[in-house]
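>>> coords please:
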Amino acid sequence: MNRGFGLAIGAGCVLVIAVIAVLVFTFLWIPFRVVRETAVEAPATNRPVIQTVGTALPPAPTFTPAPPSASAANTASTGTNGANGTALVTTSNLLAGRYEQLSPGVVNIDVLVESVEGSGQGAGSGFILDREGHIVTNNHVVAGATDIVVNFANGLQAEAEVLGVDDDSDLAVIKVEQMPESAHPLPLGDSDLIQVGDWAIAIGNPFGLGGSMTLGIISALGRTIPSGVAQFSIPQAIQTDAAINPGNSGGPLLNLDGEVIGVNAQIRTGGANANTGVGFAIPVNVVRHVVPSLIANGSFQWPYLGIGGTDLNLLIAKANNLDIQQGAYITSVEADGPAGAAGLRGAPSLSQPTVGGDVATQVDGQPIATFDDLLNYIAFKNPGDQITLTVLRNGQPQQIAVTLGSRPDLDVQSP
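The predicted model follows:
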């Protein structure tokens, strides 16, 4: 009897173990099986395509992407890979398609510079602006170049000449006489429409590694950065964490729609000559503002107010008995400049520069929160335009009309 009872217990244990094994096999195998079947739905000639319906962005304006295959559409409808995995693969395929579309519009630029000290070589990037062979890059890429060679995405090369440069915006336009059939211009976007957190793509020639694409986001907007060779700053610069390195200068920063939103220009290195996640691009609306004049005239004339200043803050507001903390505090005014002619006032004493200056709170009826707000507004005007500033002088509001002048040519060392 004891023997029969023992056999029954043993058989029961075997049965329980078998049931557990079946359950474990089922739960472990099914997810991998589903992923595998979903991934191989795409044609053998392409990468696996996993998409979620509605996640694809519209194509770049100047390109016509190939229609999705039937198998890709079937894969999109299954959606069995989970939201996170599906979104990742969809983004990967989108970026691969964007690179294929956009890279023929990006060029690598080699320059030769000869001076009394000797000769040297440099490299940068640029993008094709139109089918006439105009290419946008940075001024610091081609400054002083005696020979410029443009390398297209298909490997062909062409000599280029400089049509126009602007020190203050660090922009330049070069031109080639003939482009390969595969090369094409890139569409320009609107930098006023981008937001912090938007995706950003950089394509360029970092460290001479032409055709490199990196991905990041828009980290900040409205930065004011030095031009590098002039005392004036570049307005409304875009900050991004897309990897930008030496050689990326002059190349495009793009959105996921394939539009140029900026021209990569600078990086904050922290002492190392490489990307640290803080890069800056000249906004495309500055390109729209400056480049037509560079093509037509070889130069660009910026408007000029003739003041120095800083942001109004708590300490300055307290020193001037003000109950606001936003505005542009004017520390100095050039007597023979437009601001001086209009009667704007800076701080009367150099020993106390934070006391007594006018505080601009509006320009043409638009609020001013910082000194950069005022400079950015003026930057997109033209010499000869009239603006109206609302200022606080000794705590009392006044409206002052100023006719903008032209920036003087100053021989100032870069900061």
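>>> Now do the strand ranked longest in the chain, average pLDDT.
The single longest strand within the chain, with elements called by DSSP state E, is strand 212-226. Averaged across strand 212-226, pLDDT comes to 91.
>>> What residues of it count as buried?
S212, M213, T214, L215, G216, I218, S219, L221, R223, T224, I225, P226 (16 or more other C-beta atoms under 10 Å). The C-beta positions use only the backbone N, C-alpha and C, and glycine is treated the same way.
>>> what would those residues look like in a markdown table with distance to A96?
What follows is the buried residues of strand 212-226, written out as a markdown table (distance: C-beta to C-beta, whole Å):
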| residue | distance to A96 |
| --- | --- |
| S212 | 14 |
| M213 | 10 |
| T214 | 14 |
| L215 | 11 |
| G216 | 17 |
| I218 | 22 |
| S219 | 24 |
| L221 | 28 |
| R223 | 31 |
| T224 | 36 |
| I225 | 32 |
| P226 | 36 |
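>>> And the longest strand of the chain, what does it pack against?
Judged by 3 or more C-beta pairs under 8 Å, 6 or more residues apart in numbering; DSSP states H and E, strand 212-226 is in contact with helix 83-102, strand 199-204, strand 233-240, helix 371-379.
>>> can the ones you listed go into JSON lines with extra columns for mean pLDDT?
Conversion of the helices and strands packed on strand 212-226 to JSON lines gives the following (pLDDT from 0 to 100):
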{"stretch": "helix 83-102", "mean pLDDT": "71"}
{"stretch": "strand 199-204", "mean pLDDT": "95"}
{"stretch": "strand 233-240", "mean pLDDT": "90"}
{"stretch": "helix 371-379", "mean pLDDT": "93"}
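>>> pretty sure E159 is in contact with V149, am I right?
Yes - judged on C-beta atoms under 8 Å, E159 makes contact with V149 at a distance of 6.1 Å.
>>> Tell me which of these two has more neighbours.
Relative neighbour count places V149 above the other of E159 and V149, with 17 against 11, counting by other C-beta atoms under 10 Å.
>>> Output the contacting helices and strands for the strand or helix carrying the more buried one.
Element membership for V149, per DSSP states H and E: strand 145-151. For strand 145-151, the elements it packs on are strand 106-115, strand 157-159, strand 161-166, judged by 3+ C-beta pairs under 8 Å, 6+ apart.
>>> For the stretch 151-300 of the chain, give me the ranges with low pLDDT.
Along the stretch 151-300 of the chain, the model assigns pLDDT under 70 to residues 229-230, 269-275.
>>> sorry, back to before: I'd like the helices and strands packed on strand 212-226 laid out as TSV, including distance to A319 and mean neighbour count.
Shown next, in TSV, are the helices and strands packed on strand 212-226 (distance: least, C-beta to C-beta, whole Å; neighbours: other C-beta atoms under 10 Å):
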stretch	distance to A319	mean neighbour count
helix 83-102	51	16
strand 199-204	41	25
strand 233-240	26	24
helix 371-379	16	20
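>>> Which helix or strand contains the closest residue to F380 other than its chain neighbours?
Nearest residue to F380, sequence neighbours excluded (C-beta to C-beta, 6 or more residues apart in numbering): H289, at 6.2 Å. Using DSSP H and E, H289 sits within helix 284-297.
>>> Given whichever helix or strand comes after that helix, what are its sheet partners and their directions?
Sequence order places strand 303-304 as the next helix or strand after helix 284-297, per DSSP H and E. Strand 303-304 pairs in its sheet with strand 405-406 (antiparallel), by DSSP bridges.
>>> what is the mean pLDDT for the partner strand?
Regarding strand 405-406, the rounded mean pLDDT is 95.
>>> chain center to that strand: distance?
In terms of C-alpha atoms, centre = their mean, to the nearest Å, the centre of strand 405-406 is set 29 Å apart from its chain centre.
>>> How about the contacts made by the nearest residue to L404 once chain neighbours are set aside?
Spatially, and ignoring its direct neighbours in sequence, L404 is nearest to P303 (4.2 Å; C-beta to C-beta, 6+ apart). By C-beta atoms under 8 Å, 6 or more residues apart in numbering, the contact list for P303 reads I378, A379, K381, N382, P383, D385, L404, G405, S406, R407.
>>> what do you get if the cut-off is 10 Å, keeping everything else the same?
Applying C-beta atoms under 10 Å, 6 or more residues apart in numbering to P303 gives the contacts 338, 378-385, 387, 403-407.
>>> What subset of the residues you listed is buried?
Buried subset of the contacts of P303 (neighbour count, 16+ other C-beta under 10 Å): P338, I378, A379, K381, I387, L404, G405, R407.
>>> of those residues, closest to A242?
A379 (24.5 Å; C-beta to C-beta).
>>> State the distance from the closest residue to that closest one other than its chain neighbours to Q266.
Taking C-beta to C-beta, 6+ apart, and ignoring the residues beside it in sequence, A379 has P235 as its nearest neighbour in space, at 4.2 Å. Per C-beta to C-beta, to the nearest Å, P235 is found 14 Å from Q266.
>>> next one: T310
For T310, the distance to Q266 - C-beta to C-beta - is 22 Å.
>>> Compare those two (neighbour count), which wins?
For T310 versus Q266, the count of surrounding residues by other C-beta under 10 Å is larger for Q266: 24 against 16.
>>> That one looks like it's in a helix, true?
No - counting by DSSP: H, G, I helix; E, B strand; the rest coil, one finds Q266 to be strand, located in no helix.
>>> my guess is it meets G250, correct?
No - using C-beta atoms under 10 Å, Q266 is not in contact with G250, being 11.3 Å away.
>>> any residues in contact with both of the two?
What both Q266 and G250 touch, as defined by C-beta under 10 Å, 6+ apart, is the set N138, H140, D170, I282.
>>> Out of these, which is nearest to L94?
Using C-beta to C-beta, those come closest to L94 at I282, 25.7 Å.
>>> Within its local environment, how many residues does that closest one see?
I282 sits with 28 neighbouring residues when counted by other C-beta under 10 Å.
>>> how about it, what does it touch?
136, 138, 169-171, 191, 225, 227, 234-238, 250, 253, 262-266, 290.
>>> still on that earlier bit, run the angle between the longest strand of the chain and strand 233-240 for me.
Note on geometry: by axes from the mean of the first three to the mean of the last three C-alpha atoms, to 10 degrees, strand 212-226 and strand 233-240 are set 140 degrees apart in direction.
>>> And P338, how far from S125?
For P338 relative to S125 (C-beta to C-beta), the value is 37 Å.
>>> do the same with T388
To S125, T388 is 41 Å away according to C-beta to C-beta.
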